[in-house]
Structure formats: structure tokens, C-alpha cells
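[1] Take this sequence and fold it.
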Amino acid sequence: MSARTTPAAPVPPGPPGATVPSGSAVTSVFVRLKLSLLRNGLRQSGGRRAAYVASAVLVLLFAALQLIGLIALRGYAHADALVVLLAAVLALGWAVMPLFFPGGDETLDPTRLVMLPLRPGPLVRALLTSSLVGIGPLFTLCVFAGSVVAVAHGGAAYAVGVVGAVLALLVCVTLARAVAAANVRLLTSRKGRDLAVLSGLVVAVGAQLVNFGAQRLGSSGLGELDPVADVVRWIPPASAVGAMDAASDGAYGTALAQLALTAAALVLLLRVWARHLTRLMTAPDGSTLQSDTGPVRERGSAGLTRWLPAGRTGTTMERTLRYVWRDPKTKAAWVTSLAIGLIVPVFNAWQGTGSVYFACFAAGMLGIQMYNQFGQDTSAFWMVAMTISSARDAYVELRARALALLLITLPYATLVTVLTTALLDDWRALPEALGLSFALLGAMLATGAWTSARFPYSIPQEGYKNVAPGQVGLAWVSIFGGMIGAALLCAPVIALTIWLNVSGGAGDTGWVLLPVGAVYGAVLTLLGLRLAAPRTAGRLPEILTAVSKG
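    Okay, the predicted model is just below:
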């Protein structure tokens, strides 16, 4: 007895002469697609083309200088430790790049290819090959090439170096692709846009850390890197650079083990990448699925908001604080200011090269948040404008925004000043530093309120730009003009501080600067709000037009 078989459904014939594209054909198509995307992007505008050319020239110039510097390290005792750590830092940059710059490469989003009949294997090969086209891979290759010249000695070491450089480059590119594929749903959501706008913080903090690290190495030498490099040289792709150094010392077994470790990491990353691609190509998008979240309950005032004043003041303060917490670009600006305002004075004090007056940097960074207050409202400013009918209403609006900022800036500036003083062990200067910080903060709030009414500009909601096209001049005048004005307004307190220190009376009467600076800053804030209120009430249509261009 034989089982009944069901005939297979007929396969519709393809067009005459049609052939299934091979893997190499798919790869060439993706390379041409990458080049076409790049070429068409440069054709959009002359400004974008100029920005790309300028950035490409700067990157290539930096890559050339990096290559020359690495070559100059050849024969130096601790060059191997430096290049190993440099490879690790470079790989870390490739790993976080998709999270903070998701819009930098359109091909990072594999969901654009869902409707194409592509299998994971050929797709991975094609995307990996196309990923090697660009300035980033070229810069990375220059760094690894310089590492080969810096640490390789002998023919075997150069052979290992060539293989290691290629493997390290492939690991970096594959790592970026795997991270992008694993987080593609996040990167296309609002949280992903939050990460994108926080890229400025990463760059700023990273630059400060590199600066402090370079200063420390310049004073103590590269020998301090050896203990860390001994561990990192077994972590891919830094292990490929460690293999070059091992081969130079004749430890060929160690070199082969480190190369094998890098190759294994590459295979593992390729498998992870292919698995995520398969899931993206086959799993339904969660945004298209219905979910039963139950009845929506109204939420009343809770938490810290219940302590805010009643009336317009409390409402405006709550709205301002919600902008800080929810709006991506406002949040990024605040996080950046908080981080840089802490890093600069505290790290300098920790290294013993700073001054207690560096703590005023925190007050200056946080005071900038008062500038362009209406720009963060964008076109929704019309709702605020409808509630302002007099200079008194405008004064209450500006005062509430300043109070909301003071809830964060005042205790934070105090904390940074105390930490800086503690690290320097210069408690005698604490009242002076606090007085200067409070005076500067008050001056920044005063000038920020005035420039918000006089030089408003729009902040685009999409993209990485913080100023709408055509309003760059307004932003420069608002921020830098206001900062210069704030410095001039603080001149009396600065002069008093200098006089007390020169005359030798700072130790006995320096505490006077604390109340003087606090009162002076409060008076400046009130005067600035009083002067800005009638101008705000009289320029509501102009302000709305300016902040609605983004």
C-alpha cells in the first residue's frame, strides 16, 4: 500500500533567458548601489557636497598624520602596547557608530531589502563588501597599516601583519553591521533618534578623555600602557595586532593563536549578523501588530510636580522640565552641558593642573540652556503666544522658565564647585568660587532671556542640525553675543575677586564674595527678565515666525 502523494504546485516560468543571479553578481550590484547612493547624495545640494569634501579631506589628512606617527614609533620600546590599545579603541568606535550615527549610511538599515528575494549568505557577503567602500574603512586600514610598520620586524612578522590587518578590518566592519542589524528596530524609533542626538555628547566627552589621557601619557610615558595592553592583546581585533608583535619576537605559536582568535571572532560575528538578518527578513514588524493595552487612565499631578507653584508659573515650569526629559535635542543639550561642565573642572583638579575657579565652567555651560527658550517650542509656540497679552504675562512666562532651569543648574553648579574644591583641597577659596558661579549663572539667565526675545531661531526636529537653514547667524549672535554680555556683566564681581586676592585679604574677607555673588546674580536675573518681558510681548508674531522654520 503506497501513500498518496500530492503533486507540487507548478512553478511559474520566468522570462526567457532569465537566470538566477550568483553571489558575485549580487555583490557587484550592492557595491554599485553604495556608490550610487553616495553620488546621488552629493548631488542634492552644493552645501552637502562641500561638507562631504571638507570632511573627507580632514579625515584623510588625519589618517595620513596617524600613519606617519605610527611609522615614527617603529623601534620604540612601548609601541606595541600603544597600537594594541589603538586597535581596541578603533573597534569600539565601529561598534558604537551605528547607535549614534544611524543616518550616516543608508545601507545600515537592512529592512529596506525585505521585499527582495535574497538569502542571508549572499546578502551578508554583498553588504560586507559594500561596507568596505567609504572613508571609514580607508581610515581604519591606514591605522592598521601603520601598526604593521610600527611593530613588525622580519618577513614572517610582515606576513602575519598583512593577514592580521585584513582580519582586523573585517572584524571592525562586521561588528558595526552586526550591531546595526541587532538594533535596527531601536534605531528607527524615537529612542533611536534620542541616541543619535546624544552623539554630540559622546564626541565631546570622548575628546575630553582623550585630551586628559594624552596629557597623562605625556608626563608619565607609554610604559603605563603595558599592563592593560597585555590583556587587550587577546581581545579581537586587537589580537590581530598582538599577533604581529608576537611574530616579531619569534613566538609564532602565540601569533597563530591570536590570528585564530581574530578569525574565530569574525566567523562568530558573521553568524550573529546572518541570524539577525534572517529574523529581520522573516519576522513581522511589531509596529503593524495590534495590542490591547487596556483602558487609558488619566494621570494627575504626581511626584515632584506637586511641589511646583500653582498657576501659570507651575504650569510653565512643568512644561520646561518635560522638554528637558522628553525632547531629544533638549535632552541632548542638557546632558552634554552637565557632562562637560563636570568633566573639565573635576578632571583638571584630579590631575592637579586645575583651579577652583574652573568650577565656574559648569555655571557657564548650564546657563547656555536659557538661550533660545522659545526655539525649543518650535511651531507649538503659538499656544504660548495665545496666553500672553501683556508684559506681565511675558514676565511670568520667562520667570517660570528661569526658575525651572535654576532647579537643576543651581544645585549642580554648587556640587561641581564643592567637588573641585575638595580635589584641590583649597577650601579657603570655596566661597569665592561659589560667589563667582552664582554671579555668572545670574548673568547667563539675564542675557539668555533677552536674547531669546531678540534673536530667536528654530531648532529642526529631524536630523542632527540644531539650527534651521538661514538662521545660523542668529544663533551665533544669540549665543556668543549673550556669553560676551554675561562676562561683561560679571566684571564687577570678577574685579572684586582679583582685588581681594591681590591685596591679600581673600583669606579673611573672601567669604564676602559668596553673598555678594549670589545677590548680584539674582539682581541681574530679575533685571534681565524685566527688560526681556516687554520685548517678548511686543514681538510675539516675529518670534513665532522665527521658531517655526524648522
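
[2] Could you give the separation of stretch 400-410 from the chain centroid?
    25 Å (Cα atoms, centre = their mean, to the nearest Å).

[3] Just the buried positions in that stretch, please.
    Within stretch 400-410, the residues that qualify as buried are 400, 401, 402, 403, 404, 405, 406, 408, 409, 410, counting by 16 or more other Cβ atoms under 10 Å. From N, CA and C alone the C-beta is placed, and that goes for glycine too.

[4] what residues are up against the second one?
    Residues touching residue 401, when contacts are defined by Cβ atoms under 8 Å, 6 or more residues apart in numbering, comprise 316, 317, 320, 370, 373, 449.

[5] and residue 272, what does it touch?
    Contacts of residue 272 by Cβ under 8 Å, 6+ apart are 178, 182.

[6] let's go with 7 Å and repeat that
    Residues counted as contacts of residue 272 (Cβ atoms under 7 Å, 6 or more residues apart in numbering) are residue 178.

[7] Which strand or helix spans it?
    Secondary structure assignment for residue 272, by DSSP states H and E: helix 252-282.

[8] so for that helix, what's the average pLDDT?
    Average pLDDT, helix 252-282: 89.

[9] List the buried residues for whatever helix or strand comes next after that helix?
    Once the chain leaves helix 252-282, the next helix or strand it forms, by DSSP H and E, is helix 311-326. For helix 311-326, the neighbour count (16+ other Cβ under 10 Å) marks 313, 314, 315, 316, 317, 318, 320, 321, 323, 324 as buried.

[10] Find me the pLDDT at the spatially closest residue to residue 73 that is not a sequence neighbour, would you?
    Ranked by Cβ to Cβ, 6 or more residues apart in numbering and with sequence neighbours excluded, the top spatial neighbour of residue 73 is residue 79, at 4.1 Å. pLDDT recorded at residue 79 is 82.

[11] Distance-wise, check residue 79 relative to residue 71.
    Residue 79 is 10 Å from residue 71, where distance means Cβ to Cβ, to the nearest Å.

[12] one step back: and of the buried residues of helix 311-326, the nearest to residue 486?
    Relative to residue 486, the closest of the buried residues of helix 311-326 is residue 320; by Cβ to Cβ it sits at 20.2 Å.

[13] how near is that closest one to residue 352?
    Distance from residue 320 to residue 352, counting by Cβ to Cβ: 39 Å.

[14] Strictly from the record, what residue spans define the domains of this protein?
    Per the record, the chain has its domains at 43-282, 307-547, by automatic domain parsing.

[15] what about the ones you listed, which gets the closest to residue 32?
    With Cβ to Cβ as the yardstick, what comes closest out of those is domain 43-282 (8.9 Å).

[16] Hmm, residue 441 and residue 522 touching each other?
    No - the criterion here is Cβ atoms under 7 Å, and residue 522 misses it with residue 441 at 9.8 Å.

[17] out of the two, which sits in the busier spot?
    In this view residue 522 and residue 441 are compared by other Cβ atoms under 10 Å, and residue 441 has more residues nearby, 30 against 16.

[18] Which positions within the helix or strand harbouring the more buried one qualify as buried?
    Element membership for residue 441 (DSSP H and E) is helix 430-454. Residues of helix 430-454 classed as buried by neighbour count (16+ other Cβ under 10 Å): 430-454.

[19] what residues are up against residue 533?
    Applying Cβ under 7 Å, 6+ apart to residue 533 gives the contacts 391, 394, 395, 398.

[20] Sort out for me which of the residues you listed are in helices.
    Counting by DSSP state H, the contacts of residue 533 place 391, 394, 395, 398 in helices.

[21] Which one of these is nearest to residue 40?
    Sorting the ones in helices among the contacts of residue 533 by how near they are to residue 40, with Cβ to Cβ, puts residue 398 at the top with 45.8 Å.

[22] picking up where we left off before, max pairwise distance over the contacts of residue 401: which two?
    Maximum pairwise distance in the contacts of residue 401, criterion Cβ to Cβ, is 14.9 Å, between 317 and 449.

[23] And residue 81, how far from residue 405?
    Relative to residue 405, residue 81 is positioned 46 Å away (Cβ to Cβ).

[24] let me redo that: residue 56
    40 Å.

[25] just residue 414 next, same as before
    Relative to residue 405, residue 414 is positioned 14 Å away (criterion: Cβ to Cβ).

[26] just residue 321 next, same as before
    For residue 321, the distance to residue 405 - Cβ to Cβ - is 9 Å.

[27] With residue 134 instead?
    To residue 405, residue 134 is 41 Å away according to Cβ to Cβ.
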